[in-house]
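> Give me a model of this one.
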Amino acid sequence: VYEGYGTMTTLGVFSFAGLKGEPITENDLPEEFFASGCALVYPKKLSNKPFDDDYFIYAEDTYFCWLLRLQGYHIKSVPKAKIYHEGGAVTKDFRKMGKFFTYLGERNRILNMLLFYKLWSFIRLFPLLILTMIFNNLYDPKNIVPRLKSSGWILMHPFKIWKKRKDIQKKRKVKDKEIFKYMSYKLFEEENISSKFFQMLLKVCNTLAYYYYKLVGIKTKEMYDFKW
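Okay, here's the model as predicted:
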C-alpha cells in the first residue's frame, strides 16, 4: 500500500563513473521506485526544494521521488557506490523520540497516499489503509496515541492537504497504473514481525489483500512478476 524500498540511488542521472573509473550507462543501473536510506543525487533543475516543509523526517524521500515519478522521471540505483555516514549525528537517542517518530512516520505515509494517488485509487486503497492501522495498533499498542495524533493532524488540515494535492496533480504525467507496478500487495512483510501469532495473522491479512487487489482491478508488482 505504502511504498517499496530503494537502495543507493541516483535520480535523473544517466551516466556515472564506477569505482575504478569505468563508465556506467543508464541500462546498467537497476531501477527503483524511490531512494531511501541512501545518498540521493539529482539535477538541481528538477527541483530547487526537494522536500516539503511539513514532512521534517520520514517518508520525505518517498514524497520527492514519487513527485518526480509522476512527472515521468526514473530512479536508478548504483549498488557499487560507497557513502560514508555518521550514524546518530542528527538524532542522538532514538529511544527518547520513539513516539515522535511513530507519529511522523504514520502521518507522512498517509499524507503521501492523499497527495499522490488519484481519487479513485485512494478510494480503492482506503479499506487496506484502515486494515494496516488496525494491525499496527494491535501489534504495537503502546504507540496508539501517536498514531491517533497523526490521524488527527490529517483531519485538522484538509485545506492544506487539498492545496498540496492540487499542486502535485497539476504536474502529473504518469497514471497510477504505472505507479502500482512498483507497489506490493502486502500490508507488511511477515518476516519483520517477531510474534508467531501476528505472523500468522499478517499472512491471512496479506492473502486477503492480494485477492482484494485483484477484485478492485489493481495490478501490483507481484502480478507483473508472476503468471497467476
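
> neighbours around Met156, how many?
The local packing of Met156 (other C-beta atoms under 10 Å) involves 9 other residues. Any C-beta I mention is one placed from the backbone N, CA and C, and that applies to glycine too.

> Need the pLDDT of it.
You'll see Met156 listed with a pLDDT of 96.

> And it, how close does it get to Arg107?
Distance, Met156 to Arg107, by C-beta to C-beta, to the nearest Å: 11 Å.

> buried stuff in stretch 146-165?
Pro146, Arg147, Lys149, Ser150, Trp153, Ile161, Lys164, Arg165 (16 or more other C-beta atoms under 10 Å).

> Throw these into JSON lines and include pLDDT, secondary structure and distance to Val174, thanks.
Listed next are those as JSON lines, based on pLDDT from 0 to 100; DSSP: H, G, I helix; E, B strand; the rest coil; distance: C-beta to C-beta, whole Å:
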{"residue": "Pro146", "pLDDT": "93", "secondary structure": "helix", "distance to Val174": "33"}
{"residue": "Arg147", "pLDDT": "93", "secondary structure": "helix", "distance to Val174": "31"}
{"residue": "Lys149", "pLDDT": "95", "secondary structure": "helix", "distance to Val174": "33"}
{"residue": "Ser150", "pLDDT": "94", "secondary structure": "helix", "distance to Val174": "28"}
{"residue": "Trp153", "pLDDT": "95", "secondary structure": "helix", "distance to Val174": "28"}
{"residue": "Ile161", "pLDDT": "96", "secondary structure": "helix", "distance to Val174": "21"}
{"residue": "Lys164", "pLDDT": "93", "secondary structure": "helix", "distance to Val174": "18"}
{"residue": "Arg165", "pLDDT": "95", "secondary structure": "helix", "distance to Val174": "16"}
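
> which among the residues you listed gets closest to Ala39?
Lys164 (26.4 Å; C-beta to C-beta).

> Check the secondary structure at Lys160 for me.
Judged by DSSP: H, G, I helix; E, B strand; the rest coil, the three-state class of Lys160 is helix.

> contacting residues for it?
Neighbouring residues of Lys160 by C-beta atoms under 8 Å, 6 or more residues apart in numbering: Asp54.
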